[in-house]
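Colleague: sequence and predicted structure are below.
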Amino acid sequence: MSSRPAGADGDAALIAQSLARPQVFAVVFDRHYDAVHGYLARRAGSDVADDLSAQTFTIAFERRASFRSDVASSARPWLFGIATNLLRNERRAERRALAALSDLAATTPLEHEDVESLGGSRLGSALASLDGDQRDALLLHAWEEIAVALGIPVGTVRSRLARARAQLRAVLDDVDPGDRTARR
């Protein structure tokens, strides 16, 4: 029994054919989408995996002429390489955004009472410690706008925001996030 993915022997030929008939690339997509999405979901969560998987196949389609069939007959390693680079870029951009927010907090007073006295150098670290959905909700902050931007109900936004605030308080004040007597 071979350890190669089903249909891998034909990926190189399909990619070559897709140069003249672009719709043929759909077979490569169908063969490998689940594996690429699963890989990304394990590393970054399902929401991020949806976007990065789509980007992976868009880039692969755009660069299909550069696929090296002399190196591999299966497209899977090539696709995983593209996915890994996209994930690395996504994480790098998020780190830069958090660092910029931390720098901004250090030089600009924050208006919200829950984060008014936070030190700038600790804010970026605290925000980075949140789950992605909690951090998104906290940073967007306006409930209705958050609901529209994330495509979720306002009630879900409110609960995510409450959990994010409690977790930030716990990280910044070294208190239990479930302790409702913590500084308000």
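Modeller: Ah, there it is.
Colleague: hmm, residue 29 is touching residue 57, no?
Modeller: Yes - the criterion here is C-beta atoms under 8 Å, and residue 29 meets it with residue 57 at 5.4 Å. Bear in mind the C-beta positions are built from the backbone N, C-alpha and C, glycine included.
Colleague: more neighbours: these two, which one.
Modeller: Neighbours were counted for residue 29 and for residue 57 using other C-beta atoms under 10 Å; residue 57 has more, 21 against 16.
Colleague: per-residue pLDDT, the more buried one?
Modeller: pLDDT for residue 57: 97.
Colleague: kindly report the same for residue 48.
Modeller: The model reports residue 48 with a pLDDT of 86.
Colleague: tell me the helix or strand right after whichever helix or strand it is part of.
Modeller: In this assignment (DSSP states H and E), residue 48 forms part of helix 46-62. Using DSSP H and E, the next helix or strand after helix 46-62 towards the C-terminus is helix 76-107.
Colleague: now the angle from that following helix to helix 46-62?
Modeller: Relative orientation of helix 76-107 and helix 46-62, computed by axes from the mean of the first three to the mean of the last three C-alpha atoms, to 10 degrees: 130 degrees.
Colleague: domain parsing for this protein?
Modeller: Domain assignment for the chain by automatic domain parsing gives 9-91, 111-184.
Colleague: nearest to residue 97 among those domains would be which one?
Modeller: Minimum separation from residue 97 across the domains of the chain (C-beta to C-beta) falls at domain 111-184, 8.7 Å.
Colleague: any idea of the mean pLDDT for that closest one?
Modeller: Average pLDDT, domain 111-184: 64.
Colleague: tell me the SS of residue 42?
Modeller: helix (DSSP: H, G, I helix; E, B strand; the rest coil).
Colleague: what is the burial count for it?
Modeller: 10.
Colleague: which ones are touching it?
Modeller: Shown in contact with residue 42 (C-beta atoms under 8 Å, 6 or more residues apart in numbering): no residues.
Colleague: so that it lines up with my notes, have the first residue be 20 from now on.
Modeller: In the new count, where the first residue is 20, that last one comes out as residue 61.
Colleague: give the contact list for residue 82.
Modeller: Going by C-beta under 8 Å, 6+ apart, residue 82 touches residue 101.
Colleague: for it, grab phi and psi.
Modeller: Here is the backbone geometry of residue 82 (degrees, to the nearest 10): phi -100, psi 20.
Colleague: I'd like the domains of the chain written out as JSON lines, with distance to residue 117 added.
Modeller: As requested, the domains of the chain are arranged in JSON lines below (distance: least, C-beta to C-beta, whole Å):
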{"stretch": "domain 28-110", "distance to residue 117": "11"}
{"stretch": "domain 130-203", "distance to residue 117": "5"}
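Colleague: which positions in the one helix or strand residue 51 maps to come out as buried?
Modeller: For residue 51, the element it lies in under DSSP H and E is helix 44-63. Residues 44, 46, 47, 48, 50, 51, 55, 56, 58, 59, 60, 63 are the ones in helix 44-63 that count as buried (16 or more other C-beta atoms under 10 Å).
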